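**Q** coords below, sequence missing:
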């Protein structure tokens, strides 16, 4: 078998790239998507899997254009940013930017389910099973192998690494920093919910985010996706609490804006860090999404940055799909140059924010509070930051 593009990793970023490439070619079967064999996708509104993605406005437009926008998300119309124990806050509204929503919260299984449905109609080649790997590069092509498959080796004109995994299971890249924070993920219920509002509250241990969670078919309103970043020892203590004590601890940290809390699902913990490749291209191979950069979850930028990677890479590889004599290497080099600014700006913001608010130094905390106040009163200051978080820096 010979492929035009092989994608290693069938998560949302790899699947989105495959759909974009299939749309750009008359031979979608030459787009190969390699992914693990997995069980049937569970219902998107289950509380058994607390992973929720805050997809920004740009990501929604992209996925909708592919017929892969998941139904039943919870729109974010307002974002409230504050700092525990200090003055200063910022309010960002969708009305300030003329968009229907700043973003939408979708359970991770719902994203996968919508993309799988679109992939089934795309005509691309899906190879599910053992992980595939690049065996070697030969001239203007790479040889890819996958164990347990008939004809388990094939050549490809370009190969994309799109399966990054979580920070604690990744190989060390050029910029690697453990934040000394773990994220507690859970679904909680508020007694006085505010529909359409998302909350980011910085503490001396890390940020705490509450995102509106889809009501689901049972119309279970008032639920929020919780991402609570704190020191590893603290997360261990939180994990050991019963549901009532955990809800009380959350209320003491977040405050009373949403009334009281109650647990609405299990809790999960993940270590946090940044792991970023300085150079994402090697010959005819390229890394995107978490394979190129794993970020802190503050402001929910990781998935959105990965989807922007996929969109720009599909544009860069379009000449390869049209012209059998085109070479992937120069096209990938151009892609890397085009994506550099957005990658470094987004990773820099998400690296800076959780660290600067967690110094524990009073002068720094007061300066952060003044910065939040300045963003709140000046749309000139607030606008560029909000645009970056909504759409990224596109080139």
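**A** Everything's here; your move. Please read all numbers here as calculations on a predicted model, not as lab measurements.

**Q** For the residue positioned nearest the centre of the chain, which non-adjacent residue is spatially closest?
**A** Nearest to the mean C-alpha position of the chain, by CA atoms, centre = their mean, lies residue 303 at 1.8 Å. Leaving aside its sequence neighbours, residue 303 sits nearest to residue 53 (CB to CB, 6 or more residues apart in numbering; 5.0 Å). Where you see a C-beta, it was placed from the backbone N, CA and C, and this is true even at glycine.

**Q** can you count the residues close to that neighbour?
**A** 24 (other CB atoms under 10 Å).

**Q** Give me the neighbour count for residue 143.
**A** Residue 143: 15 neighbours (other CB under 10 Å).

**Q** what are the phi and psi values for it?
**A** The phi/psi pair for residue 143 (degrees, to the nearest 10) reads phi -110, psi 120.

**Q** any idea how far residue 279 is from it?
**A** Per CB to CB, to the nearest Å, residue 143 is found 22 Å from residue 279.

**Q** And residue 226, by the same measure?
**A** 36 Å.

**Q** For the stretch 51-200 of the chain, give me the ranges with low pLDDT.
**A** When residues are selected by pLDDT under 70, those of the stretch 51-200 of the chain lie in 148-151.

**Q** What are the boundaries of the strands in it?
**A** Secondary structure of the stretch 51-200 of the chain by DSSP state E, counting those that start in this stretch: the strands cover 52-56, 74-76, 78-83, 89-93, 103-107, 125-128, 132-138, 141-146, 153-161, 175-190, 197-202.

**Q** who does the longest one touch, helix- and strand-wise?
**A** What it means is strand 175-190. Under the contact criterion of 3 or more CB pairs under 8 Å, 6 or more residues apart in numbering; DSSP states H and E, strand 175-190 touches strand 223-230, helix 232-240, helix 243-254, strand 261-263, strand 268-276, helix 328-356.

**Q** give me that answer again for 7 Å
**A** strand 223-230, helix 232-240, strand 261-263, strand 268-276 (3 or more CB pairs under 7 Å, 6 or more residues apart in numbering; DSSP states H and E).

**Q** Could you do the third one as well?
**A** Judged by 3+ CB pairs under 7 Å, 6+ apart, the packing partners of strand 78-83 are strand 89-93, strand 197-202, helix 362-377.

**Q** In stretch 316-326, which of the residues would be classed as buried?
**A** Judged by neighbour count using 16 or more other CB atoms under 10 Å, the buried positions of stretch 316-326 are 316-318, 320-321, 326.

**Q** Please work out the average pLDDT along it.
**A** Across stretch 316-326, pLDDT averages out at 97.

**Q** do the same with stretch 297-310
**A** Rounded mean pLDDT across stretch 297-310 is 95.

**Q** Go ahead and measure how far it is from the middle of the chain.
**A** 4 Å (CA atoms, centre = their mean, to the nearest Å).

**Q** that older thread, and the residue nearest to the centre of the chain, that one's in a strand?
**A** No. Going by DSSP: H, G, I helix; E, B strand; the rest coil, the assignment for residue 303 is helix, not a strand.

**Q** contacting residues for it?
**A** 12, 53, 55 (CB atoms under 7 Å, 6 or more residues apart in numbering).

**Q** can you tell me how far it sits from residue 135?
**A** In terms of CB to CB, residue 303 sits 30 Å off from residue 135.

**Q** now swap in residue 332 and tell me
**A** Per CB to CB, residue 332 is found 19 Å from residue 135.

**Q** residues near residue 236, how many?
**A** For residue 236, using other CB under 10 Å, the count is 11.

**Q** Let's test this: mean pLDDT of stretch 245-260, rounded?
**A** 97.

**Q** For the remainder of this discussion, apply numbering that starts at 345.
**A** Sure thing, new numbering starts at 345, so read that last one as stretch 589-604.

**Q** which residues touch it?
**A** Identification of contacts with stretch 589-604 by CB under 7 Å, 6+ apart yields 428, 532, 534-538, 545, 547, 552, 554, 582, 585, 605-607.

**Q** of the residues you listed, buried ones?
**A** Buried among the contacts of stretch 589-604 by 16+ other CB under 10 Å: 428, 532, 534, 537-538, 545, 547, 552, 554, 582, 605, 607.

**Q** mind putting the residues you listed in CSV, distance to residue 703 included?
**A** Converted to CSV, the buried ones among the contacts of stretch 589-604 look like this (distance: CB to CB, whole Å):
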residue, distance to residue 703
428, 14
532, 28
534, 30
537, 32
538, 30
545, 16
547, 12
552, 17
554, 23
582, 22
605, 28
607, 31
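
**Q** which residues does the nearest residue to residue 520 once chain neighbours are set aside contact?
**A** Take residue 520 and drop its neighbours on the chain: the residue closest to it by CB to CB, 6+ apart is residue 619, 5.1 Å away. By CB under 7 Å, 6+ apart, residue 619 lies in contact with 511, 514, 517, 520, 638.

**Q** give me the element the residue in the chain sticking out farthest from the centre is part of.
**A** Distance from the C-alpha centroid of the chain peaks at residue 669, with 34.9 Å (CA atoms, centre = their mean). For residue 669, there is no enclosing helix or strand under DSSP states H and E.
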